[in-house]
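Visitor: Let's see this in three dimensions:
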Amino acid sequence: MEDPNSLQIFLRELRELLEPLAQGIGDEGVRREILLALGLDPSGATTPINIPPSSLQSIQSYQEQAAQDADLKAFISTLQDVTIIIQSLADFIQSVAATDSDAPAGFLIDEVVGFFINSQILGYLRVRSPAIYITVMALKLIEDQAIHFGGIVNLLFKTGDYFEELWGAAKELQTDDDAKTVSDVALFVPGVLVSALLGGEIVYGYDPAVDPDEMSLADAASNRTLTIRLTGKTKDTSDNVVKGGILLSAVLIPADHGGPGVVMRVQGDGSLEVPVNKNVSFTFSVGGPDLIFYLGEGSLDFPSSTDASFGIALKYKSTAKKQIIWLNEAETHFRIGQMKVEGKVSTADYMLKGETKENVLVITTDDSDGFLKTILDAVTSNGKLEAPFEFNMGYSKKKGFFVGGGAGLLMSIPLHKTLGPLKFNTVTAGLMLGERAGKEPGIKAEASLSFGIDLGVLQASVDRIGLAGFVAFDQDSDTKYSIDFKPPNGVALAIDAGSVRGGGFLYFDYERGEYAGGLELDISGILTVKAIGIISTHMPDGRDGFALLIIITAEFGSPIQLGLGFVLIGLGGLLGLNRTMRLEPLAEGIRTGSVNRIMFPQNIVANAAQIISDLRTFFPPENDTFLVGPMAKLGWGSPALVTLSIGVVIQIPPGNVAILGVLRLVLPDEDAAVLKLQVGFIGAIEVDKERVWFYAALFDSRILTMTIEGGMGLLVGWGNNANFVISVGGFHPQYEPPPLPFPVPPRLAINILNYPLARIRVMAYFAVTSNTVQFGAKAELFFGFDGLSIEGHLAFDALFQFSPFYFIIEISASISLKVFGAGLFSVRLRGSLEGPTPWRIAGAASISILFFEISVDFEKTWGESLDTTLPDTAVMPLLAAELEKENNWKAELPPGSHLLVSLRALTNTADTLVLHPVGQLRVSQRAVPLDIQVDKVGNQKAADAHKFHLNVSGAGLSKTADSDEMFAIAQYQDIGDSQKLSLPAFQPEAGGIVLSAAGQQATSSRLVKRNVRYEKIIIDTNFKQFIELFFGFWVGLFAHFIGGASVAKSDLSYRKQQELRPFAEKISVQETGYTVANVRDNTPFTTDACKFGSEAQAREYMAQQVTADPRLAKELHVIPRYEVNTNV
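Guide: Here you go, the predicted model:
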């Protein structure tokens, strides 16, 4: 059945409302409840209500009609049956009221029936469409449990007046209360509608635990923040459709806090499609990191300069049943394929665009005169000329108003004529809307030719080369008219010269500013050369420039022997200028196999589109970033049984290194492989993120006919995000892994049988983290045909935690016999063992036969509940032992110091620490943080002291600074679990001190003012010398000459330092500091509360203040220094 029209949908909802009511009031008890609710005598419920069954049947018949038959006339006829149902209800109420002596005075039947229908509609909305009910409640379209139809009219036809009355003075957005009042409608209502339309999840505000009048600024903003989570379809790097999600947040900012305006945050990556129905869908696109922007009165600001973008598009796509046709379909008309309205905002630009695609102008020749009909019939079929076209127009910050897409008439006339080696294929001519140089809108004209040439050993094909004309819309344009040479859209070559065979292509995309090309040549079977490259001329930030990426490989027909059976099969390399490397898509490409296409690619010409798409995803343009990567292909055996394609890609800056490749093992040979293993892998050293990781995944692998799958990953992090994870086949089902730079490794699995009628699959995994060991296995089986099947499984999972020691082992098994999907017989078992102290075993077993089931649950706990807390530990011996280690004592020069002298090499200094007179001695350790509260060390409480400090004794050395080290504060202080989640994993704290020779700091002599006089000697052309004593130089000339003096040429001079700074402006990045601030407005508590270098120091200061005055417990909190309110 085809989709119903809008009138049918309306009556379908009306029938859903009336049918339960009509059926319910047939029951006397329901009628009693209705009369009681209306304040009438319930004894009248014995009177039945006469509702003709034909009326409900009429509504259903209309609803089930074909859409074209359900016209307005049939709708009006069916609406009369709706009136009959309502009138039957009104007659029943009126008959009861007429016999009820206690009926309220002034009883008006119309108002009572109206009230009753209103209440039924609201109840129907509350259950059937909660989103609509919540919306009308927020818009105050319901008054006293009745629909306020006057409000609906004002909302639709007097929108400005309606919101003026609804919001009042709050519309000025002056205070937090105003922002909350407006947000309850302006944010909440669209959020509900978006959730209902697109199936997303929304969160709006929260119930504060404190009095609203005492809420902090952060709590007040959170209480009016709307967050929408949308899920839909996205694509991975191999264009496989997978599930994805995006998070949108918005909060209104009042004028009191820098507004009025709205702050929006977008989280996600890639493109997400959320369908509304078969024809309509929304597409959300997010590029780069999280995007945060502020939209105020006439301004769009971004707090971060990091490249990021967010776009929303509404798309309508025609289908065979639903097509948009403009003008009469039987005559000349337009057929629209896709329509899309798109908005996009980024740190560099914002844009609003509308476009249509897959459109066709259909010109019929029936009404043409004889001459035109003869010409048109020569180039058309079935008497119709179809000219496809596209059109788009919009406005952006950078380009202003623009049009494009080729809207117009473009005809390709087939020729198929041969002239010697030339073969003329088509002539293309037409007019279209477009732009010149990507900026100036106007009308474009084209006359081009597509042809091929056959020279025997060389065949070439050229697509659409000719002339391009342009007429600008702007009358004041310097070159309103122009006719230029039109370069071809593409060129393809094929070579067959006996010893040299191959081909290549060049591709031009002027709209995107992208050029691509590929080449593959086989030279006498000795050497195969392949190359593919992309040049982009549209940079992400809109600046002029280009981004180049090229991959070149050479494979040898006869591999070069390297010894021990190893051979060199090929060499290659990658070069990228203004290109970056996206490691997460590369890791995903390992899982999907798309990385294999760029490692020594095969069939470049045939697979060009897919290879270019992968390169765009893996290595997108980015200014001032460069890539270089050598590649090699190695093998072992003859012919090679094992091959390894490996590449090392280096990104500069910041110096990140990625190693990616493909390992293949085939035994005994390629033609009769018994064992075939193929592994794609990637490893990375990310200097900027302080981590090293490795990921590998099997693809297209098998033993005999049994397929093998699986993956493994390794992560080692240091610095602020220290971590260790190794996983082969994934993790325990109950374990939530930390954020990983690669996909969660799939289970190691072998499919022993894999047929529609029989499947046996075995899976396993093993993982080690910093505090756990995990392993497990699972076997599944299925045998079935037609309506009979047997299914079963056996699973085992174990998790061991080191500190405090704990383990849990779980097993489960089941087998079932099903007939046509219904269970005939089944046996299920599950159990778990955990401990120690106490030990606990629990489980369940069940047997099911047809509709009968017998189940047994059991649980047993035994053993003493021992305290697994480790004994207290003495910290002083631990600290002393660390300070006695020689490697914790280092002699070094102060940063920026210049020795100015050369020192001879010292001998026999292995056991001696030598300190330079201007140097410094660093004594530091990482066992215990200094100068802050220490409650424990690891899982052991501190027994001897809780704060430690280093003092200098003796007169030889003095302290100049603290030596900071990174400490995991949660290992040393008692912190709640919720607070642990919000704190950095590692924080800088004092771990030692820096010493220097007491009283020996370098100082300079006092400033001395001198009058400079010179002896001036003049030599004229007769070689006569004139000497003038005590000559005073001009100040300007003196300053000029001093710039060339030896002091200015010294490496220590200011002039030399400036030469090393190519840019006058500098950006200084300060270390994150923390402040103890007032909860109410984020102002510093005191002037001394702003100077803390770590969160722990600030929290300790706050604890001291609260101890002195307990009333401050709810008035103070610790925030980063950049969140401090300085506007008060």
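Visitor: How much space separates residue 347 from residue 525?
Guide: For residue 347, the distance to residue 525 (C-beta to C-beta, to the nearest Å) stands at 52 Å. Heads up, the C-betas are built off the backbone N, CA and C, glycines and all.
Visitor: ok, these two, which is more surrounded?
Guide: With other C-beta atoms under 10 Å as the criterion, residue 347 and residue 525 differ in neighbour count, and residue 347 comes out ahead with 20 against 11.
Visitor: Give me the pLDDT value at that one.
Guide: For residue 347, the model assigns a pLDDT of 71.
Visitor: same check, this time on residue 727
Guide: With respect to pLDDT, residue 727 has a value of 94.
Visitor: And for residue 113?
Guide: Value listed for residue 113 in the pLDDT field: 62.
Visitor: before we move on, what about residue 276?
Guide: Listed pLDDT for residue 276 reads 77.
Visitor: ok, now how distant is it from residue 230?
Guide: Taking C-beta to C-beta as the measure, residue 276 and residue 230 are separated by 12 Å.
Visitor: next one: residue 854
Guide: 46 Å.
Visitor: which residues in the stretch 901-1050 of the chain form strands?
Guide: All strands of the stretch 901-1050 of the chain, identified by DSSP state E, counting those that start in this stretch, fall at 920-924, 936-937, 940-941, 957-967, 987-997, 1014-1019, 1025-1031.
Visitor: Of all those strands, which one is nearest residue 553?
Guide: The minimum distance between residue 553 and these falls on strand 957-967, with 43.5 Å, by C-beta to C-beta.
Visitor: out of everything not next to it in sequence, what's closest to residue 1048?
Guide: Ranked by C-beta to C-beta, 6 or more residues apart in numbering and with sequence neighbours excluded, the top spatial neighbour of residue 1048 is residue 1055, at 4.9 Å.
Visitor: Which element, helix or strand, includes the one you found?
Guide: Taking DSSP states H and E as the criterion, the element that holds residue 1055 is helix 1054-1059.
Visitor: From the chain's centre, how far out is stretch 903-922? Work that out for me.
Guide: 52 Å (C-alpha atoms, centre = their mean, to the nearest Å).
Visitor: right, I mislabeled it, should have said stretch 603-615
Guide: Averaging C-alpha coordinates over stretch 603-615 and over its chain gives two centres that are 25 Å apart (C-alpha atoms, centre = their mean).
Visitor: tell me the domain ranges of this protein?
Guide: When the chain is parsed with automatic domain parsing, its domains come out as 318-477, 873-894+915-1001, 1014-1059, 1069-1128.
Visitor: In a markdown table, list those domains along with distance to residue 255.
Guide: As requested, the domains of the chain are exported to a markdown table (distance: least, C-beta to C-beta, whole Å):
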| stretch | distance to residue 255 |
| --- | --- |
| domain 318-477 | 23 |
| domain 873-894+915-1001 | 30 |
| domain 1014-1059 | 45 |
| domain 1069-1128 | 12 |
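Visitor: Quick one: closest of those domains to residue 711.
Guide: domain 873-894+915-1001 (26.1 Å).
Visitor: Now do the closest one, average pLDDT.
Guide: Model confidence over domain 873-894+915-1001 averages 83 on the pLDDT scale.
Visitor: So for residue 276 and residue 230, which residues contact both of them?
Guide: Listed as contacting both residue 276 and residue 230 by C-beta atoms under 8 Å, 6 or more residues apart in numbering are residue 198.
Visitor: So for the two, which sits in the more crowded spot?
Guide: Relative neighbour count places residue 230 above the other of residue 276 and residue 230, with 21 against 14, counting by other C-beta under 10 Å.
Visitor: Run through the residues that contact that one.
Guide: Shown here is residue 230, whose contacts under the criterion C-beta under 8 Å, 6+ apart are 194, 198-200, 245-246, 248, 272, 274, 284.
Visitor: for those residues, which one is nearest residue 991?
Guide: The closest of those to residue 991 turns out to be residue 245 (C-beta to C-beta; 41.7 Å).
Visitor: ok so, going back, can you tell me which of the contacts of residue 230 are classed as buried?
Guide: Neighbour-count burial (16 or more other C-beta atoms under 10 Å) is assigned, among these, to 194, 198, 200, 246, 248, 272, 274, 284.
Visitor: so what's the fifth one bridging to?
Guide: Right, residue 248. Beta-bridge pairing of residue 248 under DSSP bridges involves residue 228, residue 266.
Visitor: Residue 664 contacts residue 643, correct?
Guide: Yes - with contacts counted by C-beta atoms under 8 Å, residue 664 reaches residue 643, the gap being 4.7 Å.
Visitor: More neighbours: these two, which one.
Guide: For residue 664 versus residue 643, the count of surrounding residues by other C-beta under 10 Å is larger for residue 643: 22 against 19.
Visitor: does that one belong to a helix or a strand, and which?
Guide: When secondary structure is defined using DSSP H and E, the element that contains residue 643 is strand 642-652.
Visitor: ok, now residue 203?
Guide: strand 201-204.
Visitor: So in that sheet, which strands flank that strand, and in what orientation?
Guide: Here the strand partners of strand 201-204, with direction, are listed using DSSP bridges: strand 226-235 (antiparallel).
Visitor: What's opposite residue 359 in the beta bridge?
Guide: The residues paired with residue 359 through beta bridges, assigned by DSSP bridges, are residue 389.
Visitor: no no, residue 1014
Guide: Per DSSP bridges, the residues bridged to residue 1014 are residue 1031.
Visitor: Now do the buried residues in the strand holding residue 643.
Guide: Taking 16+ other C-beta under 10 Å as the neighbour-count basis, strand 642-652 is seen to contain the buried residues 642-651.
Visitor: How about stretch 1104-1118?
Guide: Within stretch 1104-1118, the residues that count as buried by 16+ other C-beta under 10 Å are 1105, 1112, 1115-1118.
Visitor: Run through the residues that contact residue 1103.
Guide: Taking C-beta under 8 Å, 6+ apart as the definition of contact, the neighbours of residue 1103 are residue 933.
Visitor: Could you do residue 469 as well?
Guide: Listed by C-beta under 8 Å, 6+ apart, the contact partners of residue 469 are 444-446, 481-484.
Visitor: would CSV of those with secondary structure be doable?
Guide: Shown next, in CSV, are the contacts of residue 469 (DSSP: H, G, I helix; E, B strand; the rest coil):
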residue, secondary structure
444, strand
445, strand
446, strand
481, strand
482, strand
483, strand
484, strand
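Visitor: Same list, the residues you listed, but as CSV with pLDDT, distance to residue 659 and neighbour count please.
Guide: What follows is these, written out as CSV (pLDDT from 0 to 100; distance: C-beta to C-beta, whole Å; neighbours: other C-beta atoms under 10 Å):
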residue, pLDDT, distance to residue 659, neighbour count
444, 82, 48, 21
445, 84, 52, 17
446, 85, 48, 19
481, 77, 56, 10
482, 81, 51, 13
483, 84, 53, 11
484, 83, 47, 10
